[in-house]
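In: dropping a prediction and its sequence here:
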Amino acid sequence: MGLRLRQYKPCDADNIVSWIKDEDALRKWSSDRFGDYPISAEDINNKYLENNGDCKEEDNFYPLTAFDESGVVGHLILRYTDEEKKVIRFGFVIVDDSKRGKGYGKKMLTLAIKYAFDIFGAEKVTLGVFDNNGSAYYCYRAAGFVETGDETFCELFGEQWRIVEMEIRKGI
């Protein structure tokens, strides 16, 4: 698997939308960050290209696409969460549903972690995962993330969904 990362392109949105098969998948991917299901490629490009991923800071939203010889296979975003620019947060992590369970997610995360540490100069990478998203949780663990003990909640479908906070530190 010759997986690589590159900067997000507007045409990637069509792939991402095709991987989101239902509203449950949309919410596990994006929480409440997008409107009603289904979303369109235009919705993603509007958020990413016109609204800087909803980040207030000019230089703080970095969408990346994972690809191999078969084409686009995954996507995630990176953004700093601190003024010192030492903590990167991953978000909108998704893998082509036909590639899940084959190591693509772990490899994509491993490449993105290396990118965050070596290119961005981060000392820590964080993310949040819903506790009802077991496959994502185990993928993050396999990539080296550990639970921080922190949690938050988000109301979705009239329920309180628990978000488990995870992190990986440089050199660990």
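Out: Right, received. Where do you want to start?

In: buried residues, whichever helix in the chain runs longest. List them.
Out: Taking DSSP state H as the criterion, the chain has its longest helix at helix 104-118. Buried residues in helix 104-118, counting neighbours by 16 or more other C-beta atoms under 10 Å, are found at Tyr104, Gly105, Lys106, Lys107, Met108, Leu109, Leu111, Ala112, Ile113, Tyr115, Ala116, Phe117. Quick note: C-beta positions are derived from backbone N, CA and C, even for glycine.

In: likewise stretch 61-72?
Out: Neighbour count says stretch 61-72 has Phe61, Tyr62, Pro63, Leu64, Thr65, Ala66, Phe67, Val72 buried, by 16+ other C-beta under 10 Å.

In: export those residues as JSON lines, with columns for distance to Gly35.
Out: Below are the buried residues of stretch 61-72 laid out as JSON lines (distance: C-beta to C-beta, whole Å):
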{"residue": "Phe61", "distance to Gly35": "19"}
{"residue": "Tyr62", "distance to Gly35": "23"}
{"residue": "Pro63", "distance to Gly35": "19"}
{"residue": "Leu64", "distance to Gly35": "23"}
{"residue": "Thr65", "distance to Gly35": "23"}
{"residue": "Ala66", "distance to Gly35": "26"}
{"residue": "Phe67", "distance to Gly35": "28"}
{"residue": "Val72", "distance to Gly35": "24"}
